[in-house]
Every structure is written in C-alpha cells, then in structure tokens.
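>>> can you look at this prediction? I've put the sequence above it.
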Amino acid sequence: MTTTPPAPAPLEPLNEDWERALCVVAHPDDLEFGSAAAVARWTEQGKTVAYCMVTSGEAGIDAMEPEQCRGVREAEQIESARIVGVPEVSFLGFPDGVLEYGVDLRRAIALEVRRFRPDIVVTGNFRDTFGGRNLNQADHIAVGRAVLDAVRDAGNRWVFNDQLGDGLEPWGGVREVWAAGSPDATHGVDTTDTFDAGVASLEAHSAYIDGLGWEHFDAREFLEGFARQAGQRLGVAFAAPFEVFPMGWAGDE
C-alpha cells in the first residue's frame, strides 16, 4: 500500500519592517539561483541591500584558469546585482571550493556586518541537503554556519576587538538571519511582481552557466519551478522561501 506524502506546511510572510540587509553567500550566482527576485522586491520598496561574496567563484568554470575566471565572475556578479538594485558588492577573497568553517571566516564576515550595520542578514541554505537526495555543497555549509556566529561576534566588543576604532563599533542590531532556499523554510516572500528581474539577474551569469555545460538551460524555466512551489505554500503565484534564525535578545521575546 502506498501513501501520499503530506503537503508542505504553508509559509508565513517574512517581516519586511526593516531598512538594511546584508546578503552573505559563498559564490557569485548563489543568490541568483532563487532569491534575487526577493532582493529586487526589497530594493523597489526603498530598502538598502548590499552583497558580500566570500569567494569570487574562481574554481567554477572548468575551461578557465582561476585568475581569469575570478575577473569574469566578479564582473558578472556586479552586473547581476545592479539588475536588482544592489549597488555594493564586496568580495572577501577566500579560496573557492575549499572553504572551511573557522575563526578566520567568522572574523571576515563580522567585519562586513560591523561596516554595513544591517537589520537583516541573508545567506544561502546551509543544511546538508536541498531536500531529498540533493546534497548541499561544502562551501555553502561553511559560510552559512559562519554567518550565524559572525552576526553574534559582530555585536560583542571583545570578539575581534582589533577591528574596532576609527569609527567602527560593535553592531548587535541584526534582528534575524534568513537562509534562502532551505529545506526547513518556514517563511516566504512574494516575488510575483519582481520575478522577471530575478530571471535577468541569473541570466547575467552567462559565462558561468555556459561553463557548466547545461545544454538548453533556461533560467526562467528553472527558477519558475521552485518559485511556483514556494508560491503555492504562500498563497501567491511566485515566492522565495527562507528559514528564519532570530538573533540576540529579540529571539527570546
């Protein structure tokens, strides 16, 4: 006897009562494979969003040497961010493909949090899988774990204290960390009106996509499948799903 698996639980709307968000992910393209349309929604609302890439994705194109690839992928990410209204993209320069969770990674991300002083930090899925058998990539897992700790580190004056001074102070104002595309997502944001911008943002990574060798890849078709699934859970046409991690004292209320 076969049984029908239970339908995914409905998604709750994300709280959009905030002004500044910092998106920290492992590679160029990580945000574009699902959450760039949400970023476009937020910038259209007048919010300020910045991107931080831990690596430059220099190991991402098999037919291109890493140093050449670095420049190509950084340029593609800057253009991709521009399409969704993000003017600031930083690259931390960690090595692509071999990221390790640790103090150095936490330190670098904490510095970006202290510099930008966001209300919300967005990262990618850092669970072991994307759901089912689709294993996650090690860089994604390392960065997501480090983001959670670095956000707490950024608010502690006595952690990475050498960063402080010349106007740079601790920042404990991050309310929540949102992990995009998590299989444990409980919240979502309606991306129906900004879906086209998200597609264009992914299409800007043309050299990377071509390098993957995905014959007849269609960015719109790819993104639409995931966005429709999340939209059904949120009660809209298209949506982006997020797992929410409350930070600081706000999470204890």
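It's in. Note that the structure is predicted; figures quoted are calculated from it, not measured. Residues are numbered from 1 along each chain as shown.
>>> lowest average confidence, helix or strand, in this structure?
For the chain, counting by mean pLDDT, DSSP states H and E, helix 206-212 ranks last in confidence among helices and strands (a mean of 93).
>>> what's in contact with it?
Outside helix 206-212, the residues within contact range by CB atoms under 8 Å, 6 or more residues apart in numbering are 28-29, 57, 60-64, 72-73, 76, 202-203, 217, 219. For glycine as for every other residue, the C-beta is placed from the backbone atoms N, C-alpha and C.
>>> quick one: the helices in the stretch 151-253 of the chain, in order.
195-203, 206-212, 219-234 (DSSP state H, counting those that start in this stretch).
>>> may I have the least confident helix or strand of the chain as PDB, with CA atoms only?
Taking Å, rounded to 0.1, in the frame of the first residue of the first chain, the C-alpha atoms of helix 206-212 are listed here in PDB:
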ATOM      1  CA  SER A 206      26.200  33.800 -18.700                       C
ATOM      2  CA  ALA A 207      29.900  32.700 -18.700                       C
ATOM      3  CA  TYR A 208      29.300  30.600 -15.600                       C
ATOM      4  CA  ILE A 209      26.200  29.000 -16.900                       C
ATOM      5  CA  ASP A 210      27.800  28.200 -20.200                       C
ATOM      6  CA  GLY A 211      30.800  26.700 -18.400                       C
ATOM      7  CA  LEU A 212      28.500  24.300 -16.600                       C
END
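>>> sorry, back to before: of all the helices of the stretch 151-253 of the chain, which lies closest to residue 136?
helix 219-234 (15.2 Å; CB to CB).
>>> ok, and for stretch 191-209, which residues are buried?
191, 194-195, 197-205, 208-209 (16 or more other CB atoms under 10 Å).
>>> which residues of the stretch 101-250 of the chain score low on pLDDT?
248-250 (pLDDT under 70).
>>> and residue 10, how many residues sit next to it?
11 (other CB atoms under 10 Å).
>>> in TSV: the buried residues of stretch 191-209, plus distance to residue 147.
Listed next are those as TSV, based on distance: CB to CB, whole Å:
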residue	distance to residue 147
191	22
194	24
195	26
197	24
198	22
199	26
200	26
201	21
202	22
203	27
204	24
205	22
208	23
209	26
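>>> pick out whichever of those sits closest to residue 102.
residue 208 (26.9 Å).
>>> strands of the stretch 1-150 of the chain, start to end?
For the stretch 1-150 of the chain, the strands defined by DSSP state E, counting those that start in this stretch occupy 12-13, 20-25, 48-53, 88-91, 120-124.
>>> deepest-packed of these, please.
strand 120-124 (a mean of 27; mean count of other CB atoms under 10 Å).
>>> strands paired with that one, and their directions?
Take DSSP bridges as the rule and strand 120-124 pairs in its sheet with strand 20-25 (parallel), strand 176-180 (parallel).
>>> pull out the CA atoms of it and give them to me as CSV.
What follows is strand 120-124, C-alpha atoms only, in CSV (Å, rounded to 0.1, in the frame of the first residue of the first chain):
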residue,chain,number,x,y,z
ILE,A,120,18.7,41.6,8.4
VAL,A,121,21.4,39.2,7.1
VAL,A,122,20.6,36.9,4.3
THR,A,123,22.6,33.8,3.5
GLY,A,124,22.0,30.6,1.5
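>>> name the residues that touch it?
By CB under 8 Å, 6+ apart, strand 120-124 touches 18, 20-26, 30-31, 35, 39, 113, 140, 143-144, 147, 151, 174-181, 242.
>>> so what's the gap between that strand and the chain middle?
5 Å (CA atoms, centre = their mean, to the nearest Å).
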